[in-house]
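Student: Got a predicted structure plus its sequence, pasted below:
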Amino acid sequence: MVLRLKTLNLSFKKDGVMFLLSIFITAFIISLAGVSDAGEPNRPNILWIYVEDMNDWMGCYGDKIIKTPAIDSLAAKGVRFDRAYMPAGVCSATRSALITGTMQTTFGIHNHRSSRDNSAGRFPSLGMIRLPEGVLTVPELFRKAGYYTYNQGKDDYNFVYKRERLYSNKNDWRGRKSGQPFFAQIQLRGGKNRPVKTVDPAKVPIPPYYPDTSITRREIAHHYDCVLKTDQEVASIISRLKKDGLFENTVIFFFTDHGMRLLRHKQFVYEEGVRVPLIVHWPGEKNPVAAGTVRKDLVSGIDISVTSLALAGIKIPAHMEGRNVFAPQYKPRSFVISARDRCDYTIEHIRTVRTDRFRYLKNFLTDRPWMQPQYRDARPHTKEMKKLFAEGKLNPVQARFMGPKKPAEELYDHSADPHEINNLASNPEYSKVLQAHRKILSDWMAATDDKGQRPEAEEGLAQVYFRWKDTCVNPEYEPVRKKYSATLAEITAAARAKADAKRKRLIQERKKRRLEKKGEN
Ligand SMILES: [Ca+2]
């Protein structure tokens, strides 16, 4: 625009005032159409509706148990992805990958809740992980491009960062400057809600790998209730966007961080743990988000990050491994990788490859059961599964997950086995398929230098030990326990002294207030 006006200036000298003015006015109107009132180009807002622990049990995904009109309306007027897979089955690993647009295993931020100081401030730098020099997160890139950024809810990143560099603390698009575009995340509690009970447990479907008991039925009905609540929350976000006149120029990405909380879903990397609903909605005929489209191509969670930046016209940094799924030259993925590593105190190491028809899993720690000691041990569903297994009341499909060991490899044919219960890894008819998937995984591990190939640093495990103490039972904790048990005793004593001091202070304050009140009377 500046160049054009300079050219026009030259023509003024040649052709006179009226000619220039008419063109100048035309040029001014054209330029106004492309800028907001803050003088920035008129770029779309990007909104991530980021839902916790939830499967795609929604009308638009073909579910018949409940109705989800708000989510369905986004799908009907947007693009629904049927095969979107998260990089992990657990919060922090997925969230670390999405916020960097790069697999969590590439930057060594794959172990759940790493880089947290659990030493009560005594060893704050122990085991902390930093992103490589120059690597900026997605919100930092948006900010650099003039966007207003916020995250209404949890971050959960497995690296050291300064929140104020990523987000404004106002947590609302209304906090931005007039005309400034925003990149926002609204975190919904999804499967972690405590919703009103509406779905009848007698009517829900039970996957074949769980026993049909009232506890399983209640868990699944509860999850449906959570989806219902989420749909209502989505409806109110849509209505607020409309009220503020933002709905038309906001690209909504609706997705969840991983599957629901039942044992084979969350944390693990089977289909139902990592396949998530993903809907992208952006009204308007000229944008690449064509209304009412259903996409069957394989998509990774890190594609959400790259696509978001691309739709805002932001250059994609070289380190990002995601793809812009709306790019004119878009080439669909031939496979998607997901990874399972340490979750809380439970050390695990699994990689999975999802191709068009198959899922391949490589279990690196075959000496350990799927059901290692874990944070869900006290839950009714876990207790019941253990009890039924001990009593020999689970059928072979249900009992397998409770067994003492894992096979080194698993291979499932989704064209015949959507629940992934018939392991074909030792079936000679599938040996070529198995070899092809093995190669995809080993090539990917080498190409991205998957950091899970090396054990977690002792310092990182020390922080896990400080938090989880004697629940850390894996052999990897032995050297940590030897080295840090005296330190843990000191940390515990210091934390207890701090809590005692706080309690005493509160008692004193209460006493003082009572006396003051008495004085007033
Ligand atoms: Ca989660």
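Tutor: On my side now, so go ahead.
Student: Let me know the pLDDT of the residue in the stretch 201-350 of the chain positioned nearest to the ion.
Tutor: Residue nearest to the ion within the stretch 201-350 of the chain: D257 (4.3 Å; Cβ to the ion). C-beta coordinates here come from the backbone N, C-alpha and C atoms, glycine included. Looking at D257, its pLDDT is 98.
Student: residue contacts, K451?
Tutor: By Cβ atoms under 8 Å, 6 or more residues apart in numbering, K451 lies in contact with T105, T106, F107, G108, H110.
Student: tell me the contacts of the third one?
Tutor: Same thing as F107. Per Cβ under 8 Å, 6+ apart, neighbours of F107: S96, T100, I129, L131, P132, V135, F159, K451.
Student: near the ion, which residues of the stretch 251-400 of the chain?
Tutor: D257 (Cβ under 5 Å from the ion).
Student: State the distance spanning the first to the last residue of stretch 417-436.
Tutor: Counting by Cα to Cα, to the nearest Å, you get 19 Å between the two ends of stretch 417-436.
Student: Tell me the residues of the chain that contact the ion?
Tutor: Residues of the chain lying near the ion (Cβ under 5 Å from the ion): E52, D53, C91, D257.
Student: Count the neighbours of the residue of the chain found nearest the ion for me.
Tutor: When scored by Cβ to the ion, the chain has C91 as its residue closest to the ion, at 3.6 Å. Close neighbours of C91, defined as other Cβ atoms under 10 Å, add up to 20.
Student: ok, it - contacts?
Tutor: E52, D53, H112, K154, D156, D257, H258.
Student: mind redoing it with 7 Å?
Tutor: Under the criterion of Cβ atoms under 7 Å, 6 or more residues apart in numbering, the neighbours of C91 are D156, D257.
Student: can you give me the helices for the stretch 201-350 of the chain?
Tutor: For the stretch 201-350 of the chain, the helices defined by DSSP state H, counting those that start in this stretch cover 214-243, 271-274, 301-311.
Student: For the ones you listed, could you give me TSV that also reports mean pLDDT?
Tutor: Shown next, in TSV, are these (pLDDT from 0 to 100):
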stretch	mean pLDDT
helix 214-243	98
helix 271-274	98
helix 301-311	98
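Student: I'd like those as CSV, with mean neighbour count appended.
Tutor: Output for those, formatted as CSV (neighbours: other Cβ atoms under 10 Å):
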stretch, mean neighbour count
helix 214-243, 19
helix 271-274, 25
helix 301-311, 25
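Student: ok, the residue of the stretch 201-350 of the chain closest to the ion touching R95?
Tutor: Yes: D257 is within contact range of R95, at 6.4 Å (criterion: Cβ atoms under 7 Å).
Student: A310 versus the residue nearest to the spatial centre of the chain, what's the distance?
Tutor: Nearest to the mean C-alpha position of the chain, by Cα atoms, centre = their mean, lies D257 at 3.3 Å. Using Cβ to Cβ, to the nearest Å, D257 is found at 22 Å from A310.
Student: do the same with P124
Tutor: Distance from P124 to A310, counting by Cβ to Cβ: 37 Å.
Student: now do T68
Tutor: 28 Å.
Student: show me the residues around the nearest residue to Q372 once chain neighbours are set aside that make contact.
Tutor: The shortest distance from Q372 to any residue other than its chain neighbours is 5.0 Å, reached at T346 (Cβ to Cβ, 6 or more residues apart in numbering). By Cβ under 7 Å, 6+ apart, T346 lies in contact with Q372, P373, Q374.
Student: can you check P288 too?
Tutor: F326.
Student: So what does it have for phi and psi?
Tutor: Reported as degrees, to the nearest 10, the phi and psi values for P288 are phi -80, psi -10.
Student: This structure: strands as residue ranges?
Tutor: Here the chain has its strands, by DSSP state E, at 45-51, 79-85, 148-152, 182-188, 250-256, 275-281, 293-295, 299-300, 336-340, 350-354, 358-363, 409-413.
Student: which residues sit against the fourth one?
Tutor: The reference is to strand 182-188. Residues outside strand 182-188 that contact it (Cβ under 7 Å, 6+ apart): 45-52, 139, 142, 147-154, 173, 176, 230, 233, 237.
Student: hang on, the earlier thing: quick one: the residue of the stretch 201-350 of the chain closest to the ion from I49, how far?
Tutor: From D257 over to I49 (counting by Cβ to Cβ), the distance is 12 Å.
Student: shared neighbours of these two, anything?
Tutor: By Cβ under 7 Å, 6+ apart, no residue touches both D257 and I49.
Student: Look at K286 and report its pLDDT.
Tutor: So K286 comes in at 76 (pLDDT).
Student: least trustworthy helix or strand in the chain by mean pLDDT?
Tutor: Ranking every helix and strand in the chain by mean pLDDT, DSSP states H and E puts helix 2-15 at the bottom, with a mean of 37.
Student: From E509, how far out is G519?
Tutor: Distance, G519 to E509, using Cβ to Cβ: 15 Å.
Student: Please list all residues in contact with G313.
Tutor: Contacts of G313 (Cβ under 7 Å, 6+ apart): R43.
Student: just N118 next, same as before
Tutor: Listed by Cβ under 7 Å, 6+ apart, the contact partners of N118 are Q463, F466, R467.
Student: Where does pLDDT dip in the protein?
Tutor: By pLDDT under 70, the weakly predicted segments of the chain are 1-41, 520-521.
Student: Skipping adjacent residues, who's closest to P380 in space?
Tutor: Once flanking residues are discounted, P380 sits nearest to I215: 5.2 Å by Cβ to Cβ, 6+ apart.
Student: I'd guessed the one you found sits against E384; true?
Tutor: Yes: the criterion here is Cβ under 7 Å, and I215 meets it with E384 at 5.0 Å.
Student: neighbours around F364, how many?
Tutor: Neighbour count for F364, taken as other Cβ under 10 Å: 15.
Student: Next, the contact list for the residue nearest to it when sequence neighbours are not counted, please.
Tutor: Nearest non-adjacent residue to F364, counting by Cβ to Cβ, 6+ apart: H349, 3.9 Å away. Shown in contact with H349 (Cβ under 7 Å, 6+ apart): D341, F364, L365, G452.
Student: ok, and the most crowded of those residues?
Tutor: D341 (25 neighbours).
Student: contacting residues around it?
Tutor: Counting by Cβ under 7 Å, 6+ apart, D341 touches A93, H110, N111, E348, H349, G452.
Student: How much space separates it from S92?
Tutor: From D341 over to S92 the distance is 10 Å, taken as Cβ to Cβ.
Student: residues of stretch 422-431 that come out buried?
Tutor: N423, L424, A425, Y430 (16 or more other Cβ atoms under 10 Å).
Student: Now the terminal residues of it, how far apart.
Tutor: Across stretch 422-431, the terminal residues are separated by 15 Å (Cα to Cα).
Student: Would you mind pulling the contact partners of that stretch?
Tutor: By Cβ under 7 Å, 6+ apart, stretch 422-431 touches P407, E409, E410, L411, Y412, D413, L434.
Student: What residue spans form the domains of the chain?
Tutor: Here the domain parsing of the chain from automatic domain parsing is 2-33, 45-327+334-453, 474-520.
Student: tell me the most buried of these?
Tutor: Ranked by mean neighbour count, the domains of the chain are led by domain 45-327+334-453 with a mean of 19 (mean count of other Cβ atoms under 10 Å).
Student: Report the distance from that domain to the chain centre.
Tutor: How far domain 45-327+334-453 lies from its chain's middle: 5 Å, per Cα atoms, centre = their mean, to the nearest Å.
Student: Alright, that wraps it up for me.
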